[in-house]
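Student: For reference, the sequence and a predicted model appear below.
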Amino acid sequence: MKSLLLRQIIEGALLASPTPLAIKDLEQLFSDSERPHKDQILATIEDIQLDCRDRGYELVAVASGFRFQIREQLAGWMHRLWEEKPKRYSNAMLETLALIAYRQPLTRGDIELVRGVAVSSDMVRTLLEREWIKIVGHRDVPGKPALYATTKQFLNYFNLSDLEQLPELTGVTTIEGGDHSTLGSLESARHRAIER
Amino acid sequence: MKSLLLRQIIEGALLASPTPLAIKDLEQLFSDSERPHKDQILATIEDIQLDCRDRGYELVAVASGFRFQIREQLAGWMHRLWEEKPKRYSNAMLETLALIAYRQPLTRGDIELVRGVAVSSDMVRTLLEREWIKIVGHRDVPGKPALYATTKQFLNYFNLSDLEQLPELTGVTTIEGGDHSTLGSLESARHRAIER
Amino acid sequence: MTRITPKKIQNNAFPRQVEMPFAVVQGQTLSVVPDDLYIPPDALEIILEAFEGPLDLLLYLIRRQNLDILDIDVLEITRQYTAYIGLMHGLKLELASDYLVMAAMLAEIKSQMLLPRVCEISDEAVDPRAELIRRLQEYEVFKNAAMNMDKLTRLDRDVFLARAEFSGPNRVILQPTVTLDDIKKALQSVYERSRLSQHHEISKEFISTRERMADILKQINNQSFVTFGSLFDLSEGKLGVVITFLAMMELMKERLVEIVQPNSFGIIYVRAQEL
C-alpha cells in the first residue's frame, strides 16, 4: 500500500473514531492482504505527529490508544464553543479518586480509614458510572466488600497513558528522623487494612 | 492576532465542535479586542482547505457552516471501525434516555437532579449522534441550558406512532398511601429545578 | 452518613441560654467564642465551608499556626479543635459523628499525656500521639495528591477530542439494540432511587436522626433493658419507623447502645453500652 494512502486511512480513522484506537484496532482496518506491518503503522503515526507540529491539534497516546485532541493552549478559545462551564469536582471526589488511583485495589472502608470520613454511595456510583473506577474483586472478609481500581477510561480522561505517569505523592516527611518513612508506614497501614 | 494562532483556533474549534460552525459562530470564539475580520476568517479557512489536500480529511461547507469530514474515498476502510459487535448501553445511558422520553423536554440538569448523579457529555452526545434525541430549545435561565426531547427516529426505532404509546409504568407505587406519587415528586423536583 | 452541611441549619431545639450575640452569621447569632481561641479573620467563613472531615480540620488548625505535624502540641490542638466543634455546635450545624469520634480520640491522647507513666517496662516508649500523627501525614499526602490530580490535563476542560464527520457511503454503524422494556425498567429504577432519596430528604426536614438518637438514649438510660419494638412509635408512620431504625443503627455504630437477642426469633432488647 502506498504510504500516502496508509497515512490517510490512519488519519481518517483516528478522526472518525469516538474512542482512542490502539495499534491492533488500526490493524483491523485493513484486509489481510493489504495489512501493513505494526512498525509501519507506528512510523506513520510518528509522521502524522510531526506534521501536526504547527496545527491546532495533536496526536497523542493515552491508555487505550492514540487520539487526536485540541492543543491545551487553545482551551480558552474552545470553551466559548459551549455554554456550560466544565464541571469542577469536589475535593471529596478528588481525594477519593486519588486514593483509588494510588492505592488500588482498595475498598470503601480503606478510603474512609485514610480520609477520616464516610464515603458517600453517590460518589462511588458517580465514579463507577463515569467508568473511571471499576470493581475488580471482593476482599475475603465478612461482608465481602468490593475492591475498586481505576480504569483505562480514567487514564484517557486525564491524558495519561499509564498509572506511572501520575504525579509523585508529596508531603512525605520522615517520622522520628529515622528509617521509618511515611511511605513505609502508609504501606503497613495498607497491609493492616488488607489483612483485616 | 498572529495568523498562525488564528488558524490553530479555527482548526481546533472546527474539530472540537460536534456540529458545523458558521462564520458567525467562529467570530464568537474571539473576544471583542482580538476578533478578526470576516474576510480574515474566510481566508484562513481557505488556507486550511489547501493544507488538507493530501490528508485523510477535508474541510467542507455544508448548509449550517463548515466542518471537517473524512474523505469519501476512504469509506471502505472507515466502515470497519464500526464493524465490531456493538456494546450494550449502560444503565446510566438507558435511564437518561428513559427520562428524556417520559419527561421531555428537559435539561441535563433536570436529569441529574432526578438521577442524583452527573450525566456525562459522552452520554448525551451518543444519544444525539444516534438521532434519538435532539435539542428543542433552551431554558430561559442563566447558562441557557439546552432542552432535550426525543425525535421521530426514536419513535420509528421503537415502532411507536407517538409518545402516548410508550408503555405505562407499572409498580410505580404511591408513597405514604397518598396523593403523593413518585411521578408527582419528580414533577415537583423538576419544577424546583425550573424555578431555580 | 451526614456531613456538615452548613446551608441546612437545623431547627431542632437544643435548649440554649440566651446570651448577647456578638456576631450574626448567615442569619444565625453567635454568642460565645473563647477569647483566647486563635481565630483567623476568615475563620468563620471557613467553618461554614464544610471541611473534608476531622483530619482536614485538624490539618487546617496545625497549618494555620505553622506547626509541624511531627511536633504538635496535643493539648493546644485539642483545645482548638473542641472550640471549633463547639462553635459549629453553636451554629447548630449538624455535626457528623466522624468529628465527634476525633474529639474523643484527642481527649484520650490528652489524658494519656497528662497521666504519669506508671511503669516504663516496654522499651518502646510509645508516644500516644504517634497514631494521630501517622493519620494526619497520610491524609495530607492524599490531600496533596487530590490537588495535583485536579491540575492534570483533563479532557473537556484542558483538551478536547478532535473529531471529523464520516458520512461516506457504506457507513455501517452497528448500534446497540434497545427495547422498550429496557427503557421502562430503566425509568422504574430511577423512580425507585428517587423515592428512596426523597425519604431521605423528608427525614432531614422533619425528624432529625440525631434528635431521635438522643430520644432513644434518654429512654434506655432510665432502664436497664428496653425491648426493641417499644422504641418505635407506629403512629409516626413509615417515615418515623425508618428514622428510629436509622437512629438505632447510628447509635450502634457509635457504640452507644448494644442490641441483644437471647434466642433466635426471640425478643430483641436494647441497652446502653456499658463503658
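Tutor: That came in fine, so what should we check first? Bear in mind that the values here come from a model prediction, so they are computed numbers and not experimental data.
Student: for chain B, what are the nearby residues on chain A?
Tutor: Residues of chain A that fall close to chain B, judged by Cβ under 8 Å from any Cβ of the partner chain: A:4, A:7-13, A:15-18, A:28-30, A:54-57, A:68, A:70-71, A:74, A:77-78, A:80-81, A:83-85, A:87, A:122, A:125-126, A:129-131. Just so you know, the C-beta spots here come from the backbone N, C-alpha and C atoms, and that holds for glycine as well.
Student: Please pick the buried ones from these.
Tutor: By neighbour count, with 16 or more other Cβ atoms under 10 Å in any protein chain shown, the residues of chain A next to chain B hold A:7-13, A:15-17, A:28-30, A:55-57, A:68, A:70-71, A:74, A:77-78, A:81, A:126, A:129-131 as buried.
Student: Which of the residues of chain A next to chain B fall in strands?
Tutor: The strands, defined by DSSP state E, take in A:57, A:68, A:70 from these.
Student: got the contact list for stretch A:77-86?
Tutor: Contacts with stretch A:77-86, where a contact means Cβ atoms under 8 Å, 6 or more residues apart in numbering or on different chains, come from A:70, B:9, B:12-13, B:16-17, B:28-30, B:108, B:143-146, C:154, C:156-157, C:160.
Student: related to what we said a few turns ago, could I get the ones in strands among the residues of chain A next to chain B as TSV with pLDDT and distance to C:Met249?
Tutor: Below are these laid out as TSV (pLDDT from 0 to 100; distance: Cβ to Cβ, whole Å):
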residue	pLDDT	distance to C:Met249
A:Tyr57	96	54
A:Phe68	97	52
A:Ile70	96	50
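Student: closest to A:Glu95 among those?
Tutor: A:Ile70 (29.2 Å; Cβ to Cβ).
Student: Can you give me every residue that contacts the closest one?
Tutor: A:56-57, A:78, B:12, B:15-16, C:159-162.
Student: Please, where are all the strands along the stretch 101-250 of chain C?
Tutor: In the stretch 101-250 of chain C, the strands defined using DSSP state E, counting those that start in this stretch lie at C:226-227.
Student: Okay, and the beta partners of the nearest residue to A:Asp25 once chain neighbours are set aside?
Tutor: The shortest distance from A:Asp25 to any residue other than its chain neighbours is 6.2 Å, reached at A:Gly65 (Cβ to Cβ, 6 or more residues apart in numbering or on different chains). Note on A:Gly65: beta-bridge partners by DSSP bridges are A:Val62.
Student: What count of nearby residues applies to A:Gly65?
Tutor: A:Gly65 is flanked by 19 other residues according to other Cβ atoms under 10 Å in any protein chain shown.
Student: And it, how close does it get to chain C?
Tutor: 13 Å (Cβ to the nearest Cβ, to the nearest Å).
Student: is it true that that residue touches A:Glu27?
Tutor: No - taking contacts as Cβ atoms under 8 Å, A:Gly65 lies outside contact range of A:Glu27: 11.6 Å.
Student: What is the neighbour count of the residue lying closest to A:Ser3 once chain neighbours are set aside?
Tutor: Leaving aside its chain neighbours, A:Ser3 sits nearest to A:Thr44 (7.1 Å; criterion: Cβ to Cβ, 6+ apart). By the criterion of other Cβ under 10 Å, A:Thr44 has 19 neighbours.
Student: Would you confirm that A:Thr44 contacts A:Gln8?
Tutor: No - using Cβ under 8 Å, A:Thr44 is not in contact with A:Gln8; the gap is 9.8 Å.
Student: Okay, now the unreliable bits of chain A?
Tutor: A:171-196 (pLDDT under 70).
Student: Show me how it divides into domains.
Tutor: The record's domain parsing of chain A by automatic domain parsing lists A:3-70, A:91-193.
Student: Adding distance to C:Arg271, write the ones you listed out as a markdown table.
Tutor: Formatted as a markdown table, the domains of chain A follow (distance: least, Cβ to Cβ, whole Å):
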| stretch | distance to C:Arg271 |
| --- | --- |
| domain A:3-70 | 54 |
| domain A:91-193 | 24 |
